[in-house]
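Visitor: give me the fold of what follows.
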Amino acid sequence: MAGETASDTRGIPTAPFVHDVAEFVGGADKDVGPTLQQFQEALSKYKFMELSTAQRRKVLEQKIPDITKTLQMVEFLKTRKGCPEPTETTCELNDTLLCRATLDPIDKVHLWLGANVMLSYDIDEAIDMLRDKLETAKRSMDIANDDLGFLRDQITTMEVNTARVHNWDVKRRREQRQT
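Guide: The predicted structure is shown next:
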């Protein structure tokens, strides 16, 4: 699209605002069809990016509480590390299914990493890894939120551009019929 060269820091192109429709279209006698088609294509790309970013944010919204809960549990296990007697606890097996467990003092924890992979970590290593994952997830969430705001602005700009070009074309045709 003509004039669409700027972008944000993550490579999302900035939508141009059409100040002078006649100049943007290429003259008062030019057909607006190709311009409107370009706008619709850009608008559909922005909406696709918005959908993709919203899905990424939704995954992060689910992941952050899980990481936080796991980190809290590993930190609790660290506090119980030097205690000789076992710890009684209630474990969540599912959202609606809990069980009682007795935990002996431990030096290692096993964490699910995803894709059916579980690894054993020293407690301190696990805490460091979980803190890093939590920080990364929070940064990714902030980026996704920023991207969604930017994309909404670009979508609005393209919708306004489309309306301006369409209205300009209607006004031009009306003037041509009157002359």
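Visitor: the helices in this protein, which residues?
Guide: 21-25, 33-79, 123-178 (DSSP state H).
Visitor: just checking, residue 49 touches residue 151?
Guide: Yes: counting by Cβ atoms under 8 Å, residue 49 does reach residue 151; the two are 5.6 Å apart. From N, CA and C alone the C-beta is placed, and that goes for glycine too.
Visitor: now the common contact residues for these two.
Guide: Residues within reach of residue 49 and of residue 151 at once, by Cβ atoms under 8 Å, 6 or more residues apart in numbering, are residue 12.
Visitor: enumerate the positions of the helix or strand of the chain with the lowest mean pLDDT that are buried.
Guide: Ranking every helix and strand in the chain by mean pLDDT, DSSP states H and E puts strand 87-94 at the bottom, with a mean of 86. In terms of neighbour count (16 or more other Cβ atoms under 10 Å), strand 87-94 has no buried residues at all.
Visitor: before we move on, back to that, residue 116 is nearest to which of the helices of the chain?
Guide: helix 33-79 (16.4 Å; Cβ to Cβ).
Visitor: which strands and helices sit next to the closest one?
Guide: strand 108-114, helix 123-178 (3 or more Cβ pairs under 8 Å, 6 or more residues apart in numbering; DSSP states H and E).
Visitor: between the ones you listed, which one is closest to residue 40.
Guide: Closest approach to residue 40 among the helices and strands packed on helix 33-79 (Cβ to Cβ): helix 123-178, 7.2 Å.
Visitor: looking at the helices of the chain, which is nearest to residue 104?
Guide: Residue 104 lies closest to helix 33-79 among the helices of the chain, at 10.8 Å (Cβ to Cβ).
Visitor: now the closest one against strand 108-114, angle please.
Guide: Here helix 33-79 runs at an angle of 170 degrees relative to strand 108-114 (axes from the mean of the first three to the mean of the last three Cα atoms, to 10 degrees).
Visitor: could you list every residue that touches the closest residue to residue 87 other than its chain neighbours?
Guide: Nearest residue to residue 87, sequence neighbours excluded (Cβ to Cβ, 6 or more residues apart in numbering): residue 103, at 4.6 Å. Residue 103 sits next to 77, 80, 86-89 when contact means Cβ under 8 Å, 6+ apart.
Visitor: so how far is residue 96 from residue 103?
Guide: Remark: distance between residue 103 and residue 96 (Cβ to Cβ, to the nearest Å) = 22 Å.
Visitor: residue 174 too?
Guide: 64 Å.
Visitor: which one's more surrounded, the two?
Guide: residue 174 (9 against 6; other Cβ atoms under 10 Å).
Visitor: returning to what we had before: residue 11: which of the helices and strands packed on helix 33-79 is closest?
Guide: helix 123-178 (10.3 Å).
Visitor: which strands and helices sit next to the closest one?
Guide: helix 21-25, helix 33-79, strand 108-114.
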